[in-house]
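> I would like the atomic coordinates for the input below:
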Amino acid sequence: MLTSQISKYSDNCIFNKSADKIDVERCEKALGIELPKILKDLLLESNGIHGEYGLRLLWTIDEIIETNTTFRTNSDFKELYMPFDNLLFFADGGNGDQFCFSILSGQVRRNDIFVWNHENDSREWVAPDLLKYFEWWLSGQIEI
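Predicted coordinates for the structure are as follows:
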């Protein structure tokens, strides 16, 4: 189970009740993209994960839908930032920066995790996959 693997990285993780397949399908339909398998599997184990100080390590399905929809459709953001249609946000750093998968030709084709910097609109690679994101973020190896 993915949650037991993540628990090894920190004693401070709080796991939510699992999502169901209908919620995952609703998310995919709302965003027009198939979620990466590992993200789906994790959401089916825990619909959101909180860390120390309430840090949202993984958003709920509703938060994933709301944030991605807002970032893709907000007219002010279109004037301030590069497009967000090629990013699938799933968590934030607690400082305005957000973690995401990249979308290429309408699909998440890579396991890599990136962080979007809200101050300079950069997108930087931070981990080779979702489990490394949790390991490195919880151990302090990812600094934003």
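
> which element is the nearest residue to residue 35 once chain neighbours are set aside on?
Leaving aside its sequence neighbours, residue 35 sits nearest to residue 28 (C-beta to C-beta, 6 or more residues apart in numbering; 5.8 Å). In short, each C-beta sits where N, CA and C put it, glycine included. Element membership for residue 28, per DSSP states H and E: helix 21-31.

> Let me know the average pLDDT across that helix.
Averaged across helix 21-31, pLDDT comes to 97.

> which secondary structure elements does that helix contact?
Helix 21-31 is packed against helix 37-45, helix 61-73, with contacts defined by 3 or more C-beta pairs under 8 Å, 6 or more residues apart in numbering; DSSP states H and E.

> Redo the ones you listed as JSON lines? Include mean neighbour count, distance to residue 3 and mean pLDDT.
What follows is the helices and strands packed on helix 21-31, written out as JSON lines (neighbours: other C-beta atoms under 10 Å; distance: least, C-beta to C-beta, whole Å; pLDDT from 0 to 100):
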{"stretch": "helix 37-45", "mean neighbour count": "18", "distance to residue 3": "5", "mean pLDDT": "98"}
{"stretch": "helix 61-73", "mean neighbour count": "17", "distance to residue 3": "16", "mean pLDDT": "97"}
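
> Out of these, flag the one nearest residue 103.
Closest to residue 103 of the helices and strands packed on helix 21-31, according to C-beta to C-beta: helix 61-73, at 10.0 Å.

> Can you name the next helix or strand after the closest one?
With elements assigned by DSSP H and E, the helix or strand that comes after helix 61-73 is helix 75-80.

> Quick one: distance of the lowest-mean-pLDDT helix or strand in the chain to the chain centre.
One helix or strand of the chain scores below all others by mean pLDDT, DSSP states H and E: helix 75-80, with a mean of 92. Between the centre of helix 75-80 and the centre of its chain there are 21 Å (C-alpha atoms, centre = their mean, to the nearest Å).
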